[in-house]
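Asks: Turn this into a model:
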Amino acid sequence: MTYLGSRHNSLKAVETDLLRRAAQVTLNQGYDWFYAADREGVAYYGR
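Replies: Model (predicted):
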């Protein structure tokens, strides 16, 4: 999934919106977790 913000959005706001959208898509598809990694390879798990 790719998420683009405008130049007026902070990086933190874009990251938060992206994780929220990933959670929405995960639930809508019937799953209860997702895995995401940032550019440095740090993993985030949603549940």
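
Asks: CA atoms for contacts and neighbours, from now on please.
Replies: Will do.

Asks: ranges for the helices of the protein?
Replies: Taking DSSP state H as the criterion, the chain contains helices spanning 11-28.

Asks: Per-residue pLDDT of the residue most central in space within it, please?
Replies: The C-alpha lying nearest the average C-alpha coordinate of the chain belongs to residue 19 (CA atoms, centre = their mean; 2.4 Å). Residue 19 carries a pLDDT score of 86 in this model.

Asks: The one 5 residues further on now?
Replies: What the model reports for residue 24 is a pLDDT of 94.

Asks: separation between it and residue 7?
Replies: Remark: distance between residue 24 and residue 7 (CA to CA, to the nearest Å) = 24 Å.

Asks: Likewise for residue 26?
Replies: Separation of residue 26 from residue 7 (CA to CA): 27 Å.

Asks: who has more neighbours, those two?
Replies: Between residue 26 and residue 7, counted using other CA atoms under 10 Å, the more crowded position is residue 26 (16 against 7).

Asks: hey, C-alpha coordinates of stretch 3-18 in CSV?
Replies: Written as CSV, here are the backbone C-alpha positions of stretch 3-18 (Å, rounded to 0.1, in the frame of the first residue of the first chain):
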residue,chain,number,x,y,z
TYR,A,3,0.0,6.6,0.8
LEU,A,4,0.9,10.1,-0.2
GLY,A,5,0.4,13.3,1.8
SER,A,6,0.7,16.8,0.7
ARG,A,7,3.7,19.0,1.5
HIS,A,8,1.6,20.4,4.3
ASN,A,9,1.4,17.1,6.1
SER,A,10,4.0,16.1,8.7
LEU,A,11,5.7,12.8,8.3
LYS,A,12,4.1,11.6,11.5
ALA,A,13,0.6,12.5,10.2
VAL,A,14,1.2,10.6,7.0
GLU,A,15,2.5,7.6,8.9
THR,A,16,-0.5,7.6,11.2
ASP,A,17,-3.0,7.9,8.3
LEU,A,18,-1.2,5.1,6.5
